[in-house]
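Asker: Have a look at this prediction, sequence included:
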Amino acid sequence: MKNRFLSIIIVLLVACALPFLVSNYRTFQLTLVLVYAIALLGLNLLTGYSGQISLGHGAFYALGAYCAAILMAKAGWPYWTTVPVAGAVCLVAGFLFGLPALRLEGLYLALATFALGVAMPQLLKYHHLEALTGGVQGIVIEKPSAPFGLPLNPDRWLYFFTLVVAIVMFVLAWNLVRGRVGRALVAIRDQPVAAEAMGVNGALYKSAAFGVSAMYTGVAGALGAIAVQFVAPDSFNVFLSITLLVGVVVGGLASISGALYGAFFIQFVPNIADEISKAAPWAIFGAFMLGFVYLMPTGVAGAVRLLSAKRRSP
């Protein structure tokens, strides 16, 4: 525990120093890493801990992003107030979606969530909602400046703001999975019949897992919209949902730290693949995924745990 605490302190110090050591563009990329880490953490709570596969979490990401954009651009809300509102809206939406999804399991649940991810961009383009969503043109929002006269440019300030939110979300997830709720979710995932026999309300916990997972993704969507300064329906197609699932698998299922590893993967590996081959970047990206899955079948977090165990063993 002492070594783990020391490692966390070192990581936080490095995270605080990075914006002053890299360019504004790299700072923006690191902000997106934190945003994706929050979204992957939420998806991991659903898929990794409760065993429910989702191919539609891009819809909740879009819902959170549009909540923030509409409140900022149309209602004039401060950016920081839109983040909890986006999380609350997605919490309710995820819980309500989780109720009918209780009748589905495995691939059937994945198909239902896939349908949600496919439908969301079309709903955002619906002409009766154009006054709110901006239709195919989307919504442009302003990047916030540092408050209280802090000597930080907008990119650095937004990075630190996102970092604080990410720390809060990670601490909440850490407490959640190590408490009674986390044990119940794992029991439902591994032995649902035995969990029901022990008095675990599977329907309630599964719906709650969907709601909490959607809340995390909605918070990430709001932060992502503020960072990118623009939202449009085509930015949240079903490929985003698949990318999030790839990040969870690469980072490591049922792992808190795996969300951060997966976020680095989905943010930087496509850029690396594009630099390697302009003609076929997605082929290179696919090769990277195959390599990670083959070399680290339990994800990056699993490989790190294995290496740590080997170092501690005599």
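Answerer: Great, that's in hand. Numbers count the residues shown, from 1 in each chain.

Asker: can you tell me the helix or strand for the nearest residue to Val85 once chain neighbours are set aside?
Answerer: Beyond its immediate neighbours in the sequence, the residue positioned closest to Val85 (CB to CB, 6 or more residues apart in numbering) is Cys67, lying 6.0 Å away. (C-beta placed from N, C-alpha, C; glycine too.) Assessed by DSSP states H and E, Cys67 sits inside helix 57-73.

Asker: I'd like the average pLDDT over that helix.
Answerer: The average pLDDT for helix 57-73 rounds to 95.

Asker: Using PDB, list the CA coordinates for it.
Answerer: As requested, C-alpha coordinates have been extracted for helix 57-73 and formatted as PDB (Å, rounded to 0.1, in the frame of the first residue of the first chain):
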ATOM      1  CA  HIS A  57     -21.900   4.300 -25.100                       C
ATOM      2  CA  GLY A  58     -21.000   6.900 -27.800                       C
ATOM      3  CA  ALA A  59     -24.700   7.900 -27.500                       C
ATOM      4  CA  PHE A  60     -24.300   8.800 -23.800                       C
ATOM      5  CA  TYR A  61     -21.000  10.600 -24.700                       C
ATOM      6  CA  ALA A  62     -23.000  12.600 -27.300                       C
ATOM      7  CA  LEU A  63     -25.800  13.300 -24.900                       C
ATOM      8  CA  GLY A  64     -23.400  14.700 -22.300                       C
ATOM      9  CA  ALA A  65     -21.600  16.800 -25.000                       C
ATOM     10  CA  TYR A  66     -24.800  18.300 -26.300                       C
ATOM     11  CA  CYS A  67     -26.000  19.100 -22.700                       C
ATOM     12  CA  ALA A  68     -22.900  21.100 -22.100                       C
ATOM     13  CA  ALA A  69     -23.000  22.800 -25.500                       C
ATOM     14  CA  ILE A  70     -26.600  23.700 -25.400                       C
ATOM     15  CA  LEU A  71     -26.400  25.100 -21.800                       C
ATOM     16  CA  MET A  72     -23.300  27.100 -22.700                       C
ATOM     17  CA  ALA A  73     -24.300  28.400 -26.100                       C
END
